[in-house]
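Visitor: Sequence and predicted model, in that order:
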Number of protein chains: 2
Amino acid sequence: MSTKKSKAGERARLLRRLWELGREMSTQTVFLHQAIAQSAGLNATDTKCIDLILRCDKEHVTAGWLSQQSGLTTGAITHILDRLEKRGHIERIRDTEDRRRVFIQARHESLKPLIPKYEAIGAAYMVILEEFTDAELGLICRYLEKTSEVSKSELAKLVSS
Amino acid sequence: MSTKKSKAGERARLLRRLWELGREMSTQTVFLHQAIAQSAGLNATDTKCIDLILRCDKEHVTAGWLSQQSGLTTGAITHILDRLEKRGHIERIRDTEDRRRVFIQARHESLKPLIPKYEAIGAAYMVILEEFTDAELGLICRYLEKTSEVSKSELAKLVSS
DNA sequence: TCTTAATATTTAAGTATCTTAAAATTGCAG
DNA sequence: CTGCAATTTTAAGATACTTAAATATTAAGA
């Protein structure tokens, strides 16, 4: 099935290459996103927390949820939210039903100036995709979805331990 | 060519989805690798500098080269190298030909204890690949190679500006 | 109802990490 | 051999994160 029409050695070579590429990608991602954030006057942690807030499909984001998702301590999250609130990027809203909790809301107007930076970088990645067929893009989607799942669960493991 | 056998709307949907996934992946990568590094008693920057040193195909890694590749200042690199040297992970070796320069060498024996942590995480990603054919893996390689190129050049742009 | 335990977030203090700017050392060109 | 350029380190200061304790609120049991 997965090895049809090819030698076992070829598959081993592919797997090694993908291991290498995964390593390379993670390193470049870490450094690149540090640099992007800095060029926007923030740091990687802050921008990625903003991303978590924006992409969250839940009704409301809480500080505790951010802590779990990011793997950072709740103390760190409080500082991050302080910084983001001071700049007007987010708002803290006390939950009226459970007054211990704080809901975080992104202030989209305040985040607008950051968008061009990310659009520019994102566009560079989109150019790559032009050379792939729809079927191939679908495959890449599938690969990334799986990868994302693994990342999520591996982080969850580390956080809980 | 790239749209054969499919509607334009389908392609647009795929591209949007890939945009979303790229965003998601970068965020998860940043947080996950921070957590992995911490679980190994280091930080993301240090571990990723180690990776740069290990993966470098050049004859010799220098502090300046690390600064360029990482987007960090030379001052930061000095501190990082201090930390890594203190733990025995690397060695500084003065270039005898140009005594301003310092070559960095990984001390593999000292890094060995870190390997299992990364192998465990890496193995989780490798499981994903089982369900793809060789041809599909080749495609994913191609995608990652291109993506890696873009990451590299985008970081280089930011560093130089 | 009162008390106690649990949950969610913040605060405080300490550590570490990074940046900027200047210094130290070495190389190179005129 | 003089002065400028290149490479790394140092020093000082700002930022960012962790741990542990504190605060505020909810929930549950007697």
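Guide: That came through, no problem. Quantities reported herein were computed from a predicted structural model and do not represent experimental measurements. Residues are numbered from 1 along each chain as shown, chains lettered A, B, ... in the order given.

Visitor: contacts and neighbour counts: CA atoms only from here.
Guide: Fine.

Visitor: List, one by one, the residues from chain A near DNA strand D.
Guide: Counting by C-alpha under 7 Å from any atom of the strand, chain A comes close to DNA strand D at A:42-43, A:45-46, A:71-76, A:79-80, A:83, A:96-100.

Visitor: Filter those residues down to the buried ones, PyMOL style.
Guide: Only the buried members of those enter the following PyMOL selection, criterion being 16 or more other C-alpha atoms under 10 Å in any protein chain shown:
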select buried, chain A and resi 43+45+46+71+72+80
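
Visitor: among the residues of chain A next to DNA strand D, which are in helices?
Guide: A:45-46, A:74-76, A:79-80, A:83 (DSSP state H).

Visitor: and the residues you listed as JSON lines, adding pLDDT and distance to B:K146?
Guide: Below are these laid out as JSON lines (pLDDT from 0 to 100; distance: C-alpha to C-alpha, whole Å):
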{"residue": "A:T45", "pLDDT": "98", "distance to B:K146": "26"}
{"residue": "A:D46", "pLDDT": "98", "distance to B:K146": "27"}
{"residue": "A:T74", "pLDDT": "97", "distance to B:K146": "37"}
{"residue": "A:G75", "pLDDT": "97", "distance to B:K146": "39"}
{"residue": "A:A76", "pLDDT": "98", "distance to B:K146": "35"}
{"residue": "A:H79", "pLDDT": "98", "distance to B:K146": "37"}
{"residue": "A:I80", "pLDDT": "98", "distance to B:K146": "33"}
{"residue": "A:R83", "pLDDT": "97", "distance to B:K146": "35"}
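
Visitor: picking up where we left off before, kindly identify which of the residues of chain A next to DNA strand D also come near DNA strand C.
Guide: Contacts with DNA strand C are made by A:74-76, A:79, A:100 out of those, judged by C-alpha under 7 Å from any atom of the strand.

Visitor: Name the next helix or strand downstream of whatever helix or strand A:A120 lives in, please.
Guide: If you go by DSSP states H and E, A:A120 is part of helix A:115-129. Going down the chain from helix A:115-129, the next helix or strand is helix A:134-160, by DSSP H and E.

Visitor: any residue of that next one up close to chain B?
Guide: Yes - Helix A:134-160 is in contact with chain B by C-alpha under 8 Å from any C-alpha of the partner chain, via A:134, A:136-141, A:143-148, A:150-152, A:154-155, A:158-159.

Visitor: Need the three-state assignment for A:E91.
Guide: strand (DSSP: H, G, I helix; E, B strand; the rest coil).

Visitor: show me the contacts for the residue lying closest to it once chain neighbours are set aside.
Guide: With sequence-adjacent residues excluded and distances taken as C-alpha to C-alpha, 6 or more residues apart in numbering or on different chains, A:E91 is closest to A:Q105, at 5.1 Å. Going by C-alpha atoms under 8 Å, 6 or more residues apart in numbering or on different chains, A:Q105 touches A:53, A:60-61, A:90-93.

Visitor: Narrow these to just the buried residues.
Guide: Listed as buried from the contacts of A:Q105 are A:53, A:61, A:90-92; burial here means 16+ other C-alpha under 10 Å.
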